[in-house]
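[1] Can you look at this prediction? I've put the sequence above it.
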Amino acid sequence: MSFADIEAGLGPSRAPSSSAPQLKEDNVFQSLQSSLYLQVFKMNVNVQGILKLDSAALHKSLHDLTETTRAMAKRGSEDLKKLSEIQASLPHQKTALQKTSHDLQMSLVAFQRAQQVSAERQRTVVAGIKLAVDDEHDHPPNPNEPEPTAQEQRQAQILQEQLSPHELAYQGSIIPEREAEVLEIETGIHDLSEIFHNLGTLVNQQGLIRPHNIELNISSIAVDTASASQELTTAADYQRRAGKRAAYLMFILAIVAGVVLLAILS
């Protein structure tokens, strides 16, 4: 090809200019994906925090953590939808979208499980507080209310051992607030079910992963919740037994020290 041909504009054809818009979309996709990964990471951290906050005195922290995580779950679902829309014009990013979708779903499953455990635990705590307060003031049991369960009785005993009369009275004064929080958690569980439904629709439309995987994960929540509740009960029993053993050990050591002291003095 001569110089004249190049001058006339007959030179080699250039790469299509469409690569620039695609590169921009790639950058937008990766930026949103990174943001979503960060949200998933924070949600997983918060879920662990929710499961650990089992003290009656920490209900405010539990409420705030649950609300924050719930907002992240809603935003994460919306961001995944946006990510899916961007990926429609980026076929090479489908695998990345599948992984992001899977990670978000697993995080949401864990959060829903944590909320169910938290709601059940809070109901037990409220019942335990009522029993402990009634026992503190020698109130007779209300015949119109169902008999307390063994777990509720254990919770009342733990509260009486761990809280001072003043702290127990305060916990009794905020029972309505706690009951309202339980209802709020249950409402949040329902809202999260709606998010799962929307994700299922998105997954089915985009072919990200098989929809039955989501259903399988949701159906396993009940089993996980029962196991977690049993673990909490076992931990509470162990804590109480450990406290008694420590008290017995201190009593025995005190007797031994007294005998040794008397022997030395005599």
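    Nice, thanks for sending it over. Quantities reported herein were computed from a predicted structural model and do not represent experimental measurements. Numbers count the residues shown, from 1 in each chain.

[2] all helices of the stretch 101-250 of the chain, in order?
    150-162, 165-173, 175-206, 211-219, 221-265 (DSSP state H, counting those that start in this stretch).

[3] Lowest average pLDDT across those helices?
    Lowest mean pLDDT of the helices of the stretch 101-250 of the chain: helix 211-219, a mean of 47.

[4] what's around A114, how many residues?
    25 (other C-beta atoms under 10 Å). (Each C-beta comes from the backbone N, C-alpha and C, glycine too.)

[5] Same question for Q39.
    Around Q39 there are 20 residues (other C-beta under 10 Å).

[6] quick one, what contacts it?
    Q39 makes contact with 72, 75-76, 79, according to C-beta atoms under 8 Å, 6 or more residues apart in numbering.

[7] Assign K24 to helix, strand or coil.
    helix (DSSP: H, G, I helix; E, B strand; the rest coil).

[8] List the residues that contact the nearest residue to F111 once chain neighbours are set aside.
    The spatial neighbour of F111 that comes closest, neighbours along the chain excluded (C-beta to C-beta, 6 or more residues apart in numbering), is V47 at 5.3 Å. Neighbouring residues of V47 by C-beta under 8 Å, 6+ apart: 69, 107, 110-111, 114.

[9] now the helix or strand harbouring V47 against helix 175-206, angle please.
    Assigned by DSSP states H and E, V47 belongs to helix 19-52. Counting by axes from the mean of the first three to the mean of the last three C-alpha atoms, to 10 degrees, helix 19-52 lies at 150 degrees to helix 175-206.

[10] And the helix or strand following helix 19-52, what does it pack against?
    Downstream of helix 19-52, the next assigned helix or strand under DSSP H and E is helix 59-87. Packed against helix 59-87 by the contact rule (3 or more C-beta pairs under 8 Å, 6 or more residues apart in numbering; DSSP states H and E) you find helix 19-52, helix 94-136, helix 175-206.

[11] Residues contacting stretch 21-37, please?
    By C-beta under 8 Å, 6+ apart, the residues outside stretch 21-37 that reach it are 76, 79-80, 82-83, 86-87, 89-90, 93, 96-97, 100, 103-104.

[12] List buried residues within these.
    Buried residues within these, defined by neighbour count using 16 or more other C-beta atoms under 10 Å: 76, 79-80, 83, 86-87, 90, 93, 97, 100, 103-104.

[13] Out of these, flag the one nearest to H190.
    Using C-beta to C-beta, G76 is the member of the buried ones among the contacts of stretch 21-37 that lies nearest H190, at 17.7 Å.

[14] Mind listing what's buried along the helix holding V47?
    Quick answer for helix 19-52 (16+ other C-beta under 10 Å): 25, 29, 32-33, 36, 39-40, 43-44, 46-47, 49-51.

[15] try stretch 124-136
    Buried residues in stretch 124-136 (16+ other C-beta under 10 Å): 124-134, 136.

[16] again with stretch 187-200
    188-189, 192, 195-196, 199-200.

[17] Any chance of JSON lines for these, columns distance to I158?
    Formatted as JSON lines, these follow (distance: C-beta to C-beta, whole Å):
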{"residue": "G188", "distance to I158": "26"}
{"residue": "I189", "distance to I158": "26"}
{"residue": "L192", "distance to I158": "30"}
{"residue": "I195", "distance to I158": "35"}
{"residue": "F196", "distance to I158": "35"}
{"residue": "L199", "distance to I158": "39"}
{"residue": "G200", "distance to I158": "41"}
